[in-house]
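Asks: Here is my input; please provide its structure:
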Amino acid sequence: MSITEILRARHDGPGLLDLLGRIEASLNPDAAAHAGALAGIDPALGPDTHVVLWLIDGFAEDYRRHTPLMQADHHATLETVFPSTTATAITSILTGRHPAHHGLLGWNTRLAEPARTLTVLMAEERGADDQPARLDHRELAARVQPDRIIDRLGCPSTFIGPKWIGHAPYNRMMSEGAGFVGFDGISDLPARVAAHVRAHPGPHFTYVYWSELDHLGHEYGPGSPEVERHLKQLDLAYTATCAQLAGEDAVLLTTADHGMRPVERRLDLREAPAVQDCLRHRLTGEPRAALAHVREGREARFEAAVAQAFGDDIALLPREAWMASDTPAPTLGPGPEHPELHARAGDYLLLPAADAYLVDPPADDEGPFFRGVHGGLSAEERRIPLFLRSLANSR
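Replies: Numbering: from 1, shown residues only. Predicted structure coming up:
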């Protein structure tokens, strides 16, 4: 199957946004939520339920073989959004909106107004001088203008995460008005979650976040002993959380933002000056799904330079080939579209070969070095598990 065929294919199973739609519809029956099909989940949800959504960053579908205790609660395999990456997927989770709607298209997103490149999770932007400037949570919110799901639920909400994340601008932007509970490490998580749920009967929405698995996958690779050891820790933490919450009128939904695949080759755009000479600014998007904004009139030169520098290692798709809205499954999801969507998407999508990733770092940064990556279109990057435990029935 060609890349264009993959882009246009309809995924037969449920997607990440179907899960968020079911949560929103259960906690606020009057909401005009996208409540797509997700078989068997509705009996566990209800208007008076405390819904706990545990997001384990980078929990790939293949990781289930290392978590036998969690595997007993496996409910479905979901497909995450594209780009299959944290900045895009978590924003979709916390807004309940597709990337086409919220407009964040990867680790870096080019904003048309102001003309800057935003690294949203770092709350950092770079202008024409390519120098980084930090944003506080209010400035970040002014850039993103998130349509937050917690504002539509009609019930209290709480964010639970590592203590260091509590004051991060992105977290503050998304959680302002909700409570925040910090914890020290994975062994501390079950008791914190259980104490919170017991103290706050439903209806209530609690979002729990854990990031270490993603870091290990990037640094050591998804098949590494380091990842496998951490998965065993997560398996025990999940079981402990369920045990401490047994009998509560709550449901624990555990999923991920994206998967992970191994890579062997790092493609560096700094080694292709003819390509760089055609760009208005550095690539945005993701190392596995880069977006190029090309200088006017240099499209043919850009295509030739990419072919000369990278050959078959880079698949180059013009914007109209991958963003067509009349396909059965638009790549960035259905609208309504963000008003800057097409400007942010640039002129071309660059998709590296299966074993490679592409970097274009600024002068003050050598860029990432990965053994595991995500962001692209492969099943390893897009397929994620959903675990479901109805705690009222688990005493």
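
Asks: can we go C-alpha only for contacts and neighbour counts from here?
Replies: OK.

Asks: Against residue 210, how distant is residue 184?
Replies: In this structure, residue 184 and residue 210 are 11 Å apart, going by Cα to Cα, to the nearest Å.

Asks: what about these two, which has more around it?
Replies: The residue with more neighbours, out of residue 184 and residue 210 and counting by other Cα atoms under 10 Å, is residue 210; that gives 19 against 12.

Asks: Which residue comes closest to that one once chain neighbours are left out?
Replies: Closest residue to residue 210 apart from its sequence neighbours, by Cα to Cα, 6 or more residues apart in numbering: residue 56 at 5.0 Å.

Asks: Next one, pLDDT for the one you found please.
Replies: Here the pLDDT value assigned to residue 56 is 98.

Asks: Phi first, then psi, for it.
Replies: The main-chain torsion angles of residue 56 are listed as degrees, to the nearest 10 and equal phi -100, psi 110.

Asks: how near is it to residue 266?
Replies: Between residue 56 and residue 266 the computed distance is 26 Å (Cα to Cα).

Asks: same thing with residue 350?
Replies: Relative to residue 266, residue 350 is positioned 14 Å away (Cα to Cα).

Asks: Next: residue 173.
Replies: On the measure of Cα to Cα, residue 173 and residue 266 end up 33 Å apart.

Asks: more crowded one of the two?
Replies: Looking at residue 173 and residue 266 with other Cα under 10 Å, you find the greater number of neighbours at residue 173, namely 21 against 17.

Asks: Could you check the pLDDT of the more buried one?
Replies: The predicted local confidence for residue 173 comes out at a pLDDT of 98.

Asks: list the contacts for it?
Replies: Contacts for residue 173 were tallied using Cα atoms under 8 Å, 6 or more residues apart in numbering; they are 137, 138, 140, 141.

Asks: The residue nearest to the first one when sequence neighbours are not counted - how many residues pack around it?
Replies: By that I understand residue 137. Residue nearest to residue 137 in three dimensions, not counting chain neighbours: residue 169, with 4.2 Å by Cα to Cα, 6+ apart. A total of 23 residues lie near residue 169 under the criterion other Cα under 10 Å.

Asks: Residue 248 is in contact with residue 391, correct?
Replies: Yes. The pair residue 391 / residue 248 is scored as a contact, 5.7 Å apart, by Cα atoms under 8 Å.

Asks: related to what we said a few turns ago, any idea how far the residue nearest to residue 210 is from residue 193?
Replies: In this structure, residue 56 lies at 14 Å from residue 193, with Cα to Cα as the measure.

Asks: now do residue 269
Replies: Relative to residue 193, residue 269 is positioned 44 Å away (criterion: Cα to Cα).

Asks: Comparing those two, which residue is more hemmed in?
Replies: Just comparing residue 269 and residue 193: by other Cα under 10 Å the higher neighbour count belongs to residue 193, 24 against 19.

Asks: how about that one, what does it touch?
Replies: The neighbours of residue 193, taking Cα under 8 Å, 6+ apart as the test, are 160, 241.

Asks: try residue 240
Replies: By Cα under 8 Å, 6+ apart, the contact list for residue 240 reads residue 190.

Asks: ok, now residue 93?
Replies: The contact partners of residue 93, taken as Cα under 8 Å, 6+ apart, are 16, 17, 20.

Asks: What residue, apart from its backbone neighbours, is nearest the second one spatially?
Replies: If the residues on either side of it in the chain are set aside, residue 17 comes closest to residue 96, at 6.4 Å by Cα to Cα, 6+ apart.

Asks: phi, psi of that neighbour?
Replies: According to degrees, to the nearest 10, residue 96 has phi 70, psi 20.

Asks: how about low-confidence regions in this protein?
Replies: Along the chain, the parts satisfying pLDDT under 70 run over 1-12, 31-37, 325-330, 394-395.

Asks: Scan it for its longest helix.
Replies: helix 225-245 (DSSP state H).

Asks: buried sites along that one?
Replies: Taking 16 or more other Cα atoms under 10 Å as the neighbour-count basis, helix 225-245 is seen to contain the buried residues 227-228, 230-231, 234-238, 240-242, 244-245.

Asks: of those, closest to residue 283?
Replies: Looking at those and their distance to residue 283, the nearest is residue 227, at 29.8 Å (Cα to Cα).

Asks: The closest one: what's it in contact with?
Replies: With the criterion set at Cα under 8 Å, 6+ apart, residue 227 makes contact with 213, 216, 217, 220, 221.

Asks: hang on, the earlier thing: my read is that the residue nearest to residue 137 contacts residue 134, right?
Replies: No. Taking Cα under 8 Å as the contact criterion, residue 169 and residue 134 are not neighbours in contact, 9.7 Å apart.

Asks: Overlap of the contact sets of these two?
Replies: What both residue 169 and residue 134 touch, as defined by Cα under 8 Å, 6+ apart, is the set residue 123.

Asks: And stretch 158-166, end to end?
Replies: Terminal residues of stretch 158-166 are spaced 12 Å apart (Cα to Cα).

Asks: Which element, helix or strand, includes residue 316?
Replies: Under the criterion of DSSP states H and E, residue 316 resides in strand 314-318.

Asks: That strand pairs with which strands?
Replies: Listed by DSSP bridges, the sheet partners of strand 314-318 and their directions read strand 348-352 (antiparallel).

Asks: Distance of the residue lying farthest from the centre of the chain relative to residue 128?
Replies: Ranking residues of the chain by C-alpha distance from their mean position (Cα atoms, centre = their mean) puts residue 297 at the top, at 34.0 Å. Residue 297 sits 20 Å away from residue 128, taking Cα to Cα as the criterion.

Asks: before we move on, what about residue 332?
Replies: Here the distance between residue 332 and residue 128 works out to 27 Å (Cα to Cα).

Asks: next one: residue 107
Replies: Taken as Cα to Cα, the spacing of residue 107 relative to residue 128 amounts to 18 Å.

Asks: Comparing the two, which residue is more hemmed in?
Replies: A direct count of neighbours by other Cα under 10 Å for residue 107 and residue 128 places residue 107 higher, at 22 against 10.

Asks: if we look at the strand or helix carrying residue 159, which residues are touching it?
Replies: Element membership of residue 159, judged by DSSP H and E, is strand 157-162. Around strand 157-162, the neighbours that count as contacts under Cα under 8 Å, 6+ apart are 150, 175, 178-185, 193, 204-210.
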